[in-house]
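J.: Any chance you can model this:
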Amino acid sequence: MTAPFQLSVPHGLAPADRILFQRFGSGARVPVRHTRIHHAIEAQAAKHPGAIAVEHLGVCLTYQELGQRAERLAAHLAELGVRPGDQVGLFLTRSVHMVVGILAILKAGAAYVPQDIRITPPHHLRHVIRTADIRVILTTSDHEIPAGLGEVVAIDTVPDGVTARRARPSGDAAMVIFTSGTTGQPNGVTVTHANLCNVLLTEPGSLGIRPGDRVGQLLNIAFDMAAWEILGTLAHGGTLVIRGQDIEQTAKTLTVIISTPSILSTLDRSMCANVRAVAVAGERCPRSLAESWSDGVAFHNACGPTEVTIVNTVQRYDGTLTIGRPVPNTTVYILDEDLRPCRIGEIGEMWAGGACVTAGYIGNDALTTERYRPDPFLGGNSRMFRTRDLGRWTSDGQLEHHGRTDDQVKVRGFRVELDAVTSALELTPGCSRASAVLHEDRLIGFVSPATVQPELARHTVEQRMPYYCSPTLIVPVDRLPMTDRGKVDRRALVSRLDTVA
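T.: Numbering: from 1, shown residues only. Below is the predicted model:
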C-alpha cells in the first residue's frame, strides 16, 4: 500500500478540517493487478480450468469450457468486423449464453451493451443502438430482435470448433450502461476496464470472493450491479449461479449475495444459511435489513451511481449504518453549491474523483461537461463527478447519506428530503420498508407490511421531524413495488393513489 492521495485543499477551511478533508476523502492507494477485467478471468481459467465458472438451471460450464466458447465467439465477432473500441449489443435474458457473450465481446476488444430483451421495448432498443453506434447484436435463438437494428448473432447457433486462444488488442471501454435521464431518454455511460478492475479487484469490492464461493446472478443484466455479480465472481474464480424464476431457491445455495435492499428484503434470511457475505447498493438500505442480515455475515452497505463505476463508497456494517469510505484509488468530496469543501460534519453534495470516474456519457458531450468537471483537488487531467447525493462526514471519517438533491421537494414552502421521511417511517414498530412521494403537492407515505398502523407511523415521523415533514396520507401495502432493476418504484406507488379512497 502506498501513501494516500495528496489533495490540494483551498484555504477556506479551518486547519483541522483541512487535515480531515485530506484524510477522510482519500481512499487507500493500492496496486491493481490487471488492466483488463477479462485478463483476470483468463488468469483464473489458467489456475482452475476444471472449476465450475457458471451454473444455470442445471447447466454448468467450467472455466476452461467458458473460455473456449468465448474464444470461438470472439473470433466470429472479429470476422464480422468488430474491432477494439466498438460497442456490441447484448440483448437477451439471464443464461449461460449471456456470460459467454460478455466474455467474448471483451476478448474481441469491444464493450458490451446489455439489455434485457424480455422487458425492453423496441423504441428503447433503437435508442440504445443509435446512441452507442451498435452494428452487431448478440442474442439467443429464443429471442426475436426487431428487424433493421443490426447484424444479429444467436450465440447458441455459432458452430463449435477449435479456436486457438490469441491475444487481441482491447479498447479502453468495457461496457456501456444506460441509466435514466432527465429528458426521459436514457443516457449511456461508458465504463472502462480500468474502472472495473479498480473496484472489482481490490477490497472491499472484491468481497473476498474465492474459488468455491457461489455468487448469485440475481439482478437485471442492464443494471450496472449485474457486472459486480458476473465479472466480480469470475475474476476471483468463484461460481456464478444464475437464478431462474424462483430467486429464493437460488439464494439458498449461495455464499455471497450482491443485491439491492428491495430484492434482499424479499429473501428469507433463515433459508440462506451458507451466506457469508452480502453487499447492497442502488438505493437506501433500512437499518433493520442490515441488522437482520449481519449476524454471522459480512454485510456491506455501498453507494454510488453508474457514473462512478457501480459503487465508490463501501461500509462493512458494525452496528452503525453509513455508506462507509471511498474505495481504493478514489476520492470523495463534500462540497457546497460553489464547489468549496464543506466543514467536517456539514451536509453538502458528494463529488467523486480518482479511478472510479467513468469516461462520460456516450454521444452526449454537453451532459458530460455538465456532470464531469476538472478535479481541482487532484489536479492535472483528473476529473470529478457530481453524484447528486447529499452526505456528510462523521467525526470518525464515515460518510452518512442524506438523500439526493433530486429527491428534495417543496412542501408548504419548506424543502423536504424524501429519503429522510422514508427513514423516519421505517422506525415505526412493525415496519420493514417504507417510501415517500410527493403527489399533487401532498406528501404521501407508504409503509409495508399492510399491518403497520398509519397513525403510529405518522406519530413516529412527527416525533423525529419538523411538522411539515409529516405525510398527509399514509398507505399500508403488503409489499412495495420494484422497478426491473430491483429498486422501489415510486411511479408505481403514485399510480396506486388513484385507487385509494
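J.: Where does pLDDT dip in the stretch 151-300 of the chain?
T.: 161-165, 181-184 (pLDDT under 70).
J.: Now do the helices in it.
T.: For the stretch 151-300 of the chain, the helices defined by DSSP state H, counting those that start in this stretch occupy 193-200, 224-234, 247-251, 261-264, 287-293.
J.: Now do the longest one: which elements does it pack against?
T.: So that's helix 224-234. Counting contacts by 3 or more Cβ pairs under 8 Å, 6 or more residues apart in numbering; DSSP states H and E, helix 224-234 is packed against helix 37-47, helix 96-107, strand 173-179, strand 187-192, helix 193-200, strand 214-217, strand 239-242, strand 256-259. C-beta here means a position set from N, CA and C on the backbone, and glycine is covered the same way.
J.: Would you reformat the ones you listed as TSV and include mean neighbour count and distance to residue 20?
T.: TSV is the format used below for the helices and strands packed on helix 224-234 (neighbours: other Cβ atoms under 10 Å; distance: least, Cβ to Cβ, whole Å):
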stretch	mean neighbour count	distance to residue 20
helix 37-47	21	34
helix 96-107	27	40
strand 173-179	24	32
strand 187-192	24	31
helix 193-200	25	24
strand 214-217	23	36
strand 239-242	23	40
strand 256-259	27	31
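J.: Out of these, which gets nearest to residue 372?
T.: strand 187-192 (10.6 Å; Cβ to Cβ).
J.: follow-up on the earlier one: would TSV of the helices and strands packed on helix 224-234 with distance to residue 438 be doable?
T.: Shown next, in TSV, are these (distance: least, Cβ to Cβ, whole Å):
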stretch	distance to residue 438
helix 37-47	41
helix 96-107	38
strand 173-179	22
strand 187-192	24
helix 193-200	34
strand 214-217	35
strand 239-242	38
strand 256-259	28
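J.: Nearest to residue 139, out of the ones you listed?
T.: Nearest of those to residue 139, taken as Cβ to Cβ: helix 96-107 at 8.4 Å.
J.: So what touches that closest one?
T.: Applying Cβ atoms under 8 Å, 6 or more residues apart in numbering, the contact partners of helix 96-107 are 36-38, 41, 53-54, 56, 59, 61, 66-67, 69-74, 77, 82, 88, 90, 92, 111-112, 114, 138, 140, 155-156, 168, 170, 174, 221, 230-231, 234, 240, 242.
J.: now stretch 131-151
T.: Applying Cβ under 8 Å, 6+ apart, the external contacts of stretch 131-151 come out as 73, 77, 80-82, 86-93, 95, 97, 101, 104-105, 113, 117, 122, 125-126, 128-129, 152-157, 176, 178, 188, 362-363.
J.: Are any of those buried, and if so which?
T.: Burial by neighbour count, 16 or more other Cβ atoms under 10 Å: within the contacts of stretch 131-151 this picks out 73, 77, 82, 86-93, 95, 97, 101, 104-105, 113, 117, 125, 128-129, 152-155, 176, 178, 188, 362.
J.: So which of those residues are in strands?
T.: Cross-referencing these against strands under DSSP state E gives 87-92, 113, 152-154, 176, 178, 188.
J.: which of the residues you listed sit farthest apart?
T.: Between any two of these (Cβ to Cβ), the greatest distance is 24.1 Å, for 154 and 188.
J.: And the helices and strands packed on helix 224-234: which comes nearest residue 497?
T.: Here strand 173-179 is closest among the helices and strands packed on helix 224-234 (Cβ to Cβ), at 26.5 Å.
J.: What is the distance between that closest one and the centre of its chain?
T.: Here strand 173-179 is found 12 Å from its chain centre; the criterion is Cα atoms, centre = their mean, to the nearest Å.
J.: when you compare where that strand runs with where strand 187-192 runs, what's the angle?
T.: Counting by axes from the mean of the first three to the mean of the last three Cα atoms, to 10 degrees, strand 173-179 lies at 160 degrees to strand 187-192.
J.: which residues are contacting strand 173-179?
T.: 36-37, 85, 87, 106, 111-115, 128, 131-132, 186-193, 195-196, 222-224, 227, 305-307, 359, 362.
J.: what's the spacing between the closest residue to residue 28 other than its chain neighbours and residue 198?
T.: In this structure, residue 28 finds its nearest non-sequential neighbour in residue 328, 4.8 Å apart by Cβ to Cβ, 6 or more residues apart in numbering. Remark: distance between residue 328 and residue 198 (Cβ to Cβ, to the nearest Å) = 7 Å.
J.: Also residue 259?
T.: 22 Å.
J.: Buried residues, the longest helix belonging to the chain. List them.
T.: In the chain, assigned by DSSP state H, the helix with the most residues is helix 63-79. The neighbour-count check on helix 63-79 (16+ other Cβ under 10 Å) flags 63, 65-78 as buried.
J.: Next, the contact list for residue 109, please.
T.: Here residue 109 is in contact with 82-86, 168-171 (criterion: Cβ under 8 Å, 6+ apart).
J.: Doesn't it lie inside a helix?
T.: No: going by DSSP: H, G, I helix; E, B strand; the rest coil, the assignment for residue 109 is coil, not a helix.
J.: who touches the residue nearest to residue 276 when sequence neighbours are not counted in this structure?
T.: Of all residues not flanking residue 276 in the chain, residue 255 sits nearest, at 5.3 Å (Cβ to Cβ, 6+ apart). Contacts for residue 255 (Cβ under 8 Å, 6+ apart) come out as 212-215, 274-277.
J.: Which pLDDT value belongs to residue 319?
T.: Per-residue confidence at residue 319 stands at 94 (pLDDT).
J.: Checking it next. Helix, strand or coil?
T.: On the basis of three-state DSSP, residue 319 is classed as coil.
J.: what about it, distance to residue 270?
T.: On the measure of Cβ to Cβ, residue 319 and residue 270 end up 21 Å apart.
J.: same check, this time on residue 425
T.: For residue 425 relative to residue 270 (Cβ to Cβ), the value is 26 Å.
J.: more crowded one of those two?
T.: residue 425 (27 against 7; other Cβ atoms under 10 Å).
J.: Pairing partners for the residue lying closest to the more buried one once chain neighbours are set aside in the sheet, please.
T.: Once flanking residues are discounted, residue 425 sits nearest to residue 434: 3.6 Å by Cβ to Cβ, 6+ apart. Applying DSSP bridges to residue 434 gives these bridge partners: residue 447.
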